[in-house]
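A.B. asks: dropping a prediction and its sequence here:
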Amino acid sequence: MATAGSVTVAPPAVPAGRPARPGLVWLLAANPGAVAGLAVLALLAAGAMAAPALTPYSPTAIDLGGAADPPSAAHWFGRDQVGRDILTRILYGARLSLLVGFLAVGIGVAVGAPVGLVAGYLGGPADLLVMRLVDVMMAFPSILLALLVVTVLGPGLENAMVAVGVAAIPLFARLARASALSVKEMEYVAAARALGQSTVRIVARHVAPNCVAPLVVQATLRVGTAILTAASLSFLGLGVQPPSPEWGAMVSEGRTYITTAPHITIFPGLAIVLAVLGFNVLGDSLNDALNPSLRS
């Protein structure tokens, strides 16, 4: 209790029987799936950043004398068809896969979310035009749309990121539009319009912040999909080019030896599975934490 002159000011009372809402960190910490997903992703990220300190081998140096050697004490995951250490290439490949995943999703969010927010809030012809363009893009499966873009731009790391990012734009545009359609009917948005605030101010200060939660959940899920799509492009020879250590390209290089040296394909394939699974589990856990209707 504090005093202001001769008037005693009491702190606001907390309504009885209403427990304090737990924060996002606590909600995620209480979710075993979130903990497992974060642990997997933290392990991959730590391995990618500390790759030079964790392994003495080069990811590109060729040693034909040890070609296709099976796993051993010196090479835990064995060596590939030209004698390169597979564990080393997976660790360095994590850098490329995570980079492509995050930047591709960043492109999708940066382009798709603002377009969807504006279209959903304005409605009318602008909404109709944007959604018809989005429908055309969504008519193609994401991998086919990415193939189309990378075929036009040419193979390579940067073009693969752009291709996967373009494939993600319609998803975020639709999600942002759906959220904006719901939020613009709220009382605080109507009050802002009644006060004469501009459309840009209303969208930026009232609509967009209240559409963040579903976009964060979908972005987390989409990183895993982006990693898988980028790996598919590399598997087809349209993504990251050899000798760069990329998981999809490693799986492609090892398919010829699948019967004689299956470890060349199995270990990079498992890395893709773990990364995608980690992001999917984390995204589901974020959805549970950020969506009050899913919490008991």
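C.D. replies: Alright, I've got the coordinates.

A.B. asks: without its sequence neighbours, what residue ends up closest to Ser252?
C.D. replies: Leaving aside its sequence neighbours, Ser252 sits nearest to Phe235 (C-beta to C-beta, 6 or more residues apart in numbering; 4.4 Å). All C-beta atoms are positioned from the backbone trio N, CA, C, and that covers glycine.

A.B. asks: and Val217, how far is that from Gly108?
C.D. replies: Between Val217 and Gly108 the computed distance is 14 Å (C-beta to C-beta, to the nearest Å).

A.B. asks: neighbour count winner among those two?
C.D. replies: Each of Val217 and Gly108 has its neighbours counted (other C-beta atoms under 10 Å); Gly108 has more, 24 against 21.

A.B. asks: now the more buried one. Nearest residue, chain neighbours left out?
C.D. replies: Sequence neighbours aside, Ala168 is the residue nearest to Gly108 in space, at 2.9 Å (criterion: C-beta to C-beta, 6+ apart).

A.B. asks: tell me how many other residues surround that neighbour.
C.D. replies: Ala168 has 27 neighbouring residues, counting by other C-beta under 10 Å.

A.B. asks: Ser198 too?
C.D. replies: Other residues close to Ser198 by other C-beta under 10 Å number 10.

A.B. asks: doesn't Met250 make contact with the residue nearest to Ser252?
C.D. replies: No - here Phe235 lies out of contact with Met250, judged by C-beta atoms under 8 Å, at a distance of 9.2 Å.

A.B. asks: neighbour count winner among those two?
C.D. replies: Using other C-beta under 10 Å as the criterion, Phe235 and Met250 rank with Met250 on top: 27 against 19.

A.B. asks: surely the more buried one and Asp80 touch.
C.D. replies: Yes - Met250 is in contact with Asp80 according to C-beta under 8 Å; the separation is 7.2 Å.

A.B. asks: which residues do those two both contact?
C.D. replies: 86, 89, 264 (C-beta atoms under 8 Å, 6 or more residues apart in numbering).

A.B. asks: return the subset of these lying in strands.
C.D. replies: Among the shared contacts of Met250 and Asp80, the subset assigned to strands under DSSP state E is empty.

A.B. asks: which one of these sits closest to Arg201?
C.D. replies: Arg89 (50.5 Å; C-beta to C-beta).

A.B. asks: if we can go back for a sec, quick one: the residue nearest to Ser252 from Leu144, how far?
C.D. replies: 15 Å.

A.B. asks: could you pull out the helices in the stretch 51-200 of the chain for me?
C.D. replies: 51-54, 86-122, 124-138, 142-153, 157-183, 187-194, 199-202 (DSSP state H, counting those that start in this stretch).

A.B. asks: list the buried ones in the first one?
C.D. replies: Counting neighbours by 16 or more other C-beta atoms under 10 Å, one finds that the buried residues in helix 51-54 are Ala51.

A.B. asks: helices or strands next to that helix in the packing?
C.D. replies: Counting contacts by 3 or more C-beta pairs under 8 Å, 6 or more residues apart in numbering; DSSP states H and E, helix 51-54 packs against helix 86-122.

A.B. asks: try the last one
C.D. replies: With contacts defined as 3+ C-beta pairs under 8 Å, 6+ apart, the secondary structure elements packing on helix 199-202 are helix 86-122, helix 187-194.

A.B. asks: then the second one?
C.D. replies: If contacts are counted by 3+ C-beta pairs under 8 Å, 6+ apart, helix 86-122 sits against helix 32-49, helix 51-54, helix 124-138, helix 157-183, helix 199-202, helix 212-235, helix 247-254, helix 263-290.

A.B. asks: out of those helices, which gets the lowest mean score?
C.D. replies: Mean pLDDT values for the helices and strands packed on helix 86-122 show the minimum at helix 199-202, a mean of 86.

A.B. asks: contact partners of that one?
C.D. replies: If you take C-beta under 8 Å, 6+ apart as the criterion, helix 199-202 is touched by 121-122, 189, 192-193.

A.B. asks: mind listing what's buried along stretch 275-290?
C.D. replies: Of the residues in stretch 275-290, 275-276, 278-290 count as buried by neighbour count, 16+ other C-beta under 10 Å.

A.B. asks: and stretch 223-231, by the same measure?
C.D. replies: For stretch 223-231, the neighbour count (16+ other C-beta under 10 Å) marks 223-231 as buried.

A.B. asks: and the helices of the stretch 51-200 of the chain: which comes nearest Ala42?
C.D. replies: Ala42 lies closest, by C-beta to C-beta, to one member of these: helix 86-122, at 11.7 Å.
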